[in-house]
Each structure stands twice: as structure tokens, then as C-alpha cells.
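**Q** Below are the sequence and a predicted model; questions follow.
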Amino acid sequence: MSFVSIQVILDKNYEGKHVDIRGWVYRKRESKDTVFLIIRDATGTIQCTVKRGSSAWADAKKATIESSLTLSGTVRSDKRAPGEFEMSTDQLNIIGLAEVFPITKDQSKEFLRDVRHLWLRSQKMGTIMKIRSEVLKFIHEFFRKQSFIEVSPPMFISSACEGGSTLFGLKYFDKELYLTQSAQLHLEALIYSLEKVYCVAPSFRAEKSRTIRHLTEYWHVEAEQAFATIDDMMRLEENLVSHVCHSVAKQCRGELESLGVDAEKLAKINVPFKRITYDEAIKILQKKGLETNWGKDFGFDEERVLAKEFGDPVFVYAYPKQIKAFYCKTYKENPELAMSVDLIVPRIGELTTGGARVDDKDELIERLKEIGLKQEDYKWYIDIRRYGTVPHAGFGLGVERLLAWMLELESVMDTIPFPRTIRRYYP
């Protein structure tokens, strides 16, 4: 049998023709003389009717929700049917007869996450996964157009990038290693031959956070560029985010509509984004009544207030050195400020973090000492400053946060097939 996809039928290519399809029972209802089956495949859904007396009648009566089937029949237009087409079925074969499906209407979010392996079959989750795939395609597309080279960093690391408190430790033969928090340090090594590199890979953070934007395992877009400044990174980041938003608005309109997302809002995400300093951000927060002082890092609440103030993505840069990582370069005119920048968006808060990296060997060694990190753990990282160092900069972006913001989803847990959090590690 030569099967056709449901979407091809809905595109009006098979009206009046006899076709074979395969998929799963999405909905089912019966009348005295007709069984109505809504069949879904990866491309869409179509109503299939089976009449009493047909050779398919017995199996149509037997079929349950989520049973897998093959069906043969004639396509005809019907304004009353979903998609305005239905298939008059004359043959039906049950491939896998499903037991009573445990997901019914009005299930709690917690229950749906407990049975994520089944909830992924829903139209909503299927649509989100399709958009996720497109977003990843647009990300790769953007970097390739900017002449960045994709590289493959390690998942096992021997020392921290972001801080020891969020490391997942593991036994690596007879040694203690960690799961990577970020590919940044290894990407920096690659710019000395390739100049402009990026990766899309998992990162792991042992954060005990229970907010809508935290996962312990997430997909991380990271880029590093030789001879680049913090301003270069801000331009690169805003152009990437804008490109993805515009591409999704243009090429995923049907999917956005099914999720209730206004494509025009994404189409209006234009560059340049607003830029404010950390000092300016502090003044805004204090005016809004938040108890925050200079030298304090921003949390979820502060970032949401800042995002709401501007309504669109906003860069916050020039943070106090003491609240940023050891690799952050500082301003010559004010060494207490780090050339670090966060991109903050409505509802989610921090979407990206980036900036200029320390490129002087002696300054890097001094920073490691200040923070109390062992120099021997970072010998290789110091080495790349020892031999032909260059000014460079980079950033990291969380794919799940980007999706949650763009699609106006309640949580980043809705943007990834199998979310991992402090409490969730099954299925």
C-alpha cells in the first residue's frame, strides 16, 4: 500500500480519489448507522466515516482511542467535517488496539506531566515540538549565514564554568567529574583556529529552583567570537532573536494560530533592542518599590519588573564584578564593573547572558585567586591566553526559555519533550 499524509489530503489534492492513510484514533463517536473516527498522523487530522454493512464496520466499532490503524477510502469535501474533508472508509485494519487511554478532559497539569510519554500525543504538545524543531533550524540557519562554524563540546568536565554549587557530580572510572554547565570555556579554545564558533547542546544545572523558567537539563545555544566586543555580542544576540521570531511568524503561522499566539507580535520584534546599564536598572527597580541595592544580583522578580517596564526585550549591562563569573572582562575606566550583559524578556526574565571574556593571562589568574578557584584546575584555560591571546566575547541562550517566551507558555516544562527538574526525572 502507498500511504498519503493527511495534510496532503487537506491541501485539496485528493478530492474524489481513493486513498490509503495510517495513523491513530484521535476522537470517536457513533450513531446508529455510522462510526465517525477522527484519525491523526504527524501532519494533521481527518474525519473518517464507516457505514453499517461495510466490511470495515466491525473493526471500526472495536477501535478505541489511540488505536493505530490503516484505512482506505474515498475523499470527499464536507464543510461540516474538521478540515472540510472526510474519508468514506471501505477498509480498516487495526494495527495496535489500545487499552482505555488514561488521559481525558480536564486533567491537572501535574498529572499530564506524570504521563508525559502519552501527553506528547496531544495536538498542543505536537504543535510545540514542531515549532521547537523549526526554531532550532532557524538558529542554525542564522549562525551559518553569519559564517559561524558549529562545533561539538564535551559533556564531561573537570572544573566549573558557572559555579560549584550547581554542578552535577558523577563517577568517571576512578575519578570525580561533572556534567557540563556550559560549553563556553571549550568554545573559547576553538576560536583560536576557527574564530567564530557556536553549538547547540545540553547543559546541566543542579539548581533547586522551582520557577517557570528553570530546568536541570536544558538545551543551550552558545557562541564565541574572536576579536569581538560586548557591543558585537549584543548585536549578534538581538539579530539572532529577531531572526528566529520573524522566521517563526512567517513560516509557522498555522501552528501559532492553533496555540492562540499572535504571529504579528513576533513579527514586530525588531532591532535594535533597548540597552540600559545595571545602575539604571537599579534606579528603575527602586522606583517600583523593590528592595534592591547596588551590588545585588537580579532574580526572577527583578527581571520581570524590568521586562514589564519596557514591554520588549531589553539588554542590561555593566554589572558589578563581584556578582559575575571569573571569566568576565572588566572596564578599564571602572574595574569594578564587568563587561557582562543579560537580555531580559517579558514573563521569562533572563533569556541570554554574555559579554567580553578576560583575555589577559595575568588578569585571569588574579580573578581565579580572588574567587578561590584552583589555578591548576584551569591550566588549559589559562594556556589559551598564554599563546596568542585575542579580545573575544560570547553568549549563551536557553532554547526552552526562548520558546516559552515566544509561545506565551506557562512554563519551560511545556517546551521540551521530557522535562527534568528538581522533582521530575521520570519518564
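**A** Looks like it came in fine. Numbering: from 1, shown residues only.

**Q** which strands and helices sit next to the strand or helix carrying residue 397?
**A** For residue 397, the element it lies in under DSSP states H and E is strand 392-398. Packed against strand 392-398 by the contact rule (3 or more C-beta pairs under 8 Å, 6 or more residues apart in numbering; DSSP states H and E) you find helix 184-194, strand 217-226, helix 230-251, strand 334-345, strand 349-356. All C-beta spots, glycine's among them, are computed from the backbone N, C-alpha and C.

**Q** Sheet partners, orientation included, of that strand?
**A** The partner list of strand 392-398 in its sheet, established with DSSP bridges, is strand 217-226 (antiparallel), strand 349-356 (antiparallel).

**Q** Reformat the ones you listed into CSV and put distance to residue 237, mean neighbour count and mean pLDDT next to each item.
**A** Putting those into CSV (distance: least, C-beta to C-beta, whole Å; neighbours: other C-beta atoms under 10 Å; pLDDT from 0 to 100) gives the following:
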stretch, distance to residue 237, mean neighbour count, mean pLDDT
strand 217-226, 9, 23, 98
strand 349-356, 5, 24, 98
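
**Q** got JSON lines for those, with distance to residue 343 too?
**A** Formatted as JSON lines, the entries for these read as follows, by distance: least, C-beta to C-beta, whole Å:
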{"stretch": "strand 217-226", "distance to residue 343": "12"}
{"stretch": "strand 349-356", "distance to residue 343": "4"}
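
**Q** Now the strand holding residue 397: average pLDDT?
**A** Here the mean pLDDT over strand 392-398 is 98, rounded to a whole number.

**Q** List the contacts of the following helix or strand past it.
**A** Next along the chain after strand 392-398, taking DSSP H and E as the criterion, comes helix 399-406. Judged by C-beta atoms under 8 Å, 6 or more residues apart in numbering, the contacts made with helix 399-406 from elsewhere in the structure are 128, 131-132, 135-136, 139, 200, 212-213, 215, 218-221, 241, 244-245, 248, 261, 266, 345-348, 350-351, 409-412, 414-416.

**Q** again, only this time at 7 Å
**A** Contacts with helix 399-406, where a contact means C-beta atoms under 7 Å, 6 or more residues apart in numbering, come from 132, 135, 213, 215, 218-219, 221, 244-245, 248, 266, 345, 347-348, 351, 411-412, 415-416.

**Q** Check stretch 109-121 too.
**A** Among residues not part of stretch 109-121, those counted as contacts by C-beta under 7 Å, 6+ apart are 66, 102-103, 125, 413, 417-418, 424, 427.

**Q** How far does it sit from its chain's centre?
**A** The chain centre lies 18 Å from the centre of stretch 109-121; the measure is C-alpha atoms, centre = their mean, to the nearest Å.

**Q** first to last residue in that stretch, what's the distance?
**A** The first and last residues of stretch 109-121 sit 15 Å apart, counting by C-alpha to C-alpha, to the nearest Å.

**Q** Return the set of buried residues in that stretch.
**A** Within stretch 109-121, the residues that count as buried by 16 or more other C-beta atoms under 10 Å are 112-114, 116, 119.

**Q** Rounded mean pLDDT for it, please.
**A** Averaged across stretch 109-121, pLDDT comes to 96.

**Q** Next: stretch 333-346.
**A** Averaging the model's pLDDT scores along stretch 333-346 yields 98.

**Q** Send me that stretch as PDB with only the CA atoms.
**A** Presented in PDB, the C-alpha positions along stretch 333-346 are these (Å, rounded to 0.1, in the frame of the first residue of the first chain):
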ATOM      1  CA  GLU A 333      37.800  53.000  33.300                       C
ATOM      2  CA  ASN A 334      36.000  51.200  36.100                       C
ATOM      3  CA  PRO A 335      37.500  47.800  37.100                       C
ATOM      4  CA  GLU A 336      34.600  47.100  39.500                       C
ATOM      5  CA  LEU A 337      32.200  46.700  36.600                       C
ATOM      6  CA  ALA A 338      32.100  43.600  34.400                       C
ATOM      7  CA  MET A 339      31.600  43.700  30.600                       C
ATOM      8  CA  SER A 340      28.600  41.300  31.100                       C
ATOM      9  CA  VAL A 341      25.200  41.700  29.600                       C
ATOM     10  CA  ASP A 342      21.800  39.900  30.100                       C
ATOM     11  CA  LEU A 343      19.000  40.000  27.700                       C
ATOM     12  CA  ILE A 344      15.700  40.200  29.600                       C
ATOM     13  CA  VAL A 345      12.300  39.500  28.000                       C
ATOM     14  CA  PRO A 346       8.700  39.700  29.400                       C
END
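
**Q** Could you list the low-pLDDT ranges of the stretch 251-400 of the chain?
**A** With pLDDT under 70 as the threshold, the stretch 251-400 of the chain has no low-confidence stretch at all.

**Q** Tell me where it has helices.
**A** Counting by DSSP state H, counting those that start in this stretch, residue ranges of the helices within the stretch 251-400 of the chain are 253-259, 263-267, 278-287, 300-310, 361-371, 379-386, 399-406.

**Q** Of all the ones you listed, which one comes closest to residue 335?
**A** Across these, residue 335 has its closest neighbour in helix 361-371 (9.6 Å, C-beta to C-beta).

**Q** quick one: that closest one to chain centroid distance?
**A** Counting by C-alpha atoms, centre = their mean, helix 361-371 comes out at 34 Å from the chain centroid.

**Q** buried ones in that helix?
**A** The neighbour-count check on helix 361-371 (16+ other C-beta under 10 Å) flags 364, 367-368 as buried.

**Q** before we move on, what about stretch 55-62?
**A** With burial defined by 16+ other C-beta under 10 Å, the residues of stretch 55-62 counted as buried are 56-57, 59-60.

**Q** Quick check, pLDDT for residue 1.
**A** For residue 1, the model assigns a pLDDT of 71.

**Q** Touching, it and residue 20? I think so.
**A** Yes. Using C-beta atoms under 7 Å, residue 1 is in contact with residue 20, at 4.6 Å.

**Q** circling back to that earlier point, want to throw the buried residues of helix 361-371 into JSON lines with distance to residue 78?
**A** Rendered in JSON lines, the data for the buried residues of helix 361-371 read as follows (distance: C-beta to C-beta, whole Å):
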{"residue": "364", "distance to residue 78": "70"}
{"residue": "367", "distance to residue 78": "70"}
{"residue": "368", "distance to residue 78": "71"}
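
**Q** What strand or helix carries residue 36?
**A** Assigning secondary structure by DSSP H and E places residue 36 in strand 34-40.

**Q** domain ranges for the protein?
**A** If you go by automatic domain parsing, the domain ranges for the chain are 6-96, 114-415.

**Q** per-residue confidence averaged over the shortest one?
**A** Domain 6-96 shows an average pLDDT of 96 in the prediction.
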